[in-house]
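Participant: sequence plus predicted model, see below.
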Amino acid sequence: MLVELKSIYKDYYGDKQLVVPVLKDINIEVAEGEYIAIMGPSGSGKSTLMNIIGCLDHPTKGEYKLDDENVLELKDKDLSQIRLNSIGFVFQQFQLLPRQTALYNVSLPLIYAKVSKKERNKRAFEALKKVGIEDRSSFKPTQLSGGQKQRVAIARAMVNNPKLILADEPTGALDSKSGKQVMELFEKLNKEGVTIIMITHDENVAKYANRILYIIDGRLYDSKEEAIAHAQ
């Protein structure tokens, strides 16, 4: 399994040390090459779950293995390397540097990986080509449409050939046409072997995945009916 989470709990502490449980006994296995959507309303815990899978946050307790490596035993330096080399992130608001070109934005992970300028520009251009936007390589984000910005963000997520892409509401800031194009691109990447975990509140977006999970009040369910039954 590429991703294994066992008995994951996440608590936050409010005023007067009040414990606020966010994730409760999360268990999930994701095989290499899978395309999974996690659906849930605001406040359900889906972003917290995504942050844990992306090594951006630690659970209160539980086990997490990524490609058979025990993530929770790693030091911050090692977690940074996993985020750099093994995981690609796609965010709702693109997170692009506004004053830099599309090519530069895509090459950022390679800069952190200390790849030579000639090689990183070559790989960044190839990534832009893969998402069908190589003709905009010299454009800055302000010169791009929302759909084009998200394509640049996807190219950046892919440029290091990660084992896993995490997409957080990837169509949330897009019109319906651009959103459809981005989802078709994810579908194409998955068919080429890329593992994708996506969180969304949109059923039309979730349908592109091969498997849909539902998170309600911090608990994960295999079907919408099961989630609704437990929520009542």
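Facilitator: Perfect, I can see it now.
Participant: would you point out which residue is most central in the chain?
Facilitator: By CA atoms, centre = their mean, the chain has its centre lying nearest to Leu166, at 1.5 Å.
Participant: elements contacting the lowest-mean-pLDDT helix or strand in the chain?
Facilitator: In the chain, no helix or strand scores lower on mean pLDDT, DSSP states H and E than helix 224-231, which sits at a mean of 79. Using 3 or more CB pairs under 8 Å, 6 or more residues apart in numbering; DSSP states H and E, the elements in contact with helix 224-231 are strand 211-216, strand 219-221. Any C-beta I mention is one placed from the backbone N, CA and C, and that applies to glycine too.
Participant: now those strands as CSV including distance to Pro41?
Facilitator: CSV is the format used below for those (distance: least, CB to CB, whole Å):
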stretch, distance to Pro41
strand 211-216, 8
strand 219-221, 13
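Participant: relative to Tyr64, which of these is closest?
Facilitator: strand 219-221 (14.0 Å; CB to CB).
Participant: which residues touch that closest one?
Facilitator: Residues outside strand 219-221 that contact it (CB atoms under 8 Å, 6 or more residues apart in numbering) are 24-28, 38, 49, 213-215, 227, 230.
Participant: apply 6 Å and report the result again.
Facilitator: Residues outside strand 219-221 that contact it (CB atoms under 6 Å, 6 or more residues apart in numbering) are 24, 26, 213-214, 227.
Participant: tell me the strands beside it, with direction?
Facilitator: Strand pairing for strand 219-221, determined by DSSP bridges: strand 211-216 (antiparallel).
Participant: thinking again about what came up before, run through who's touching the least confident helix or strand of the chain.
Facilitator: 214, 216, 221.
Participant: now the longest helix along the chain, how far from the centre of its chain.
Facilitator: Counting by DSSP state H, the longest helix found in the chain is helix 176-191. Distance, stretch centre to chain centre, for helix 176-191: 14 Å (CA atoms, centre = their mean, to the nearest Å).
Participant: returning to what we had before: turn the helices and strands packed on helix 224-231 into JSON lines, columns for mean pLDDT.
Facilitator: Listed next are these as JSON lines, based on pLDDT from 0 to 100:
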{"stretch": "strand 211-216", "mean pLDDT": "95"}
{"stretch": "strand 219-221", "mean pLDDT": "94"}
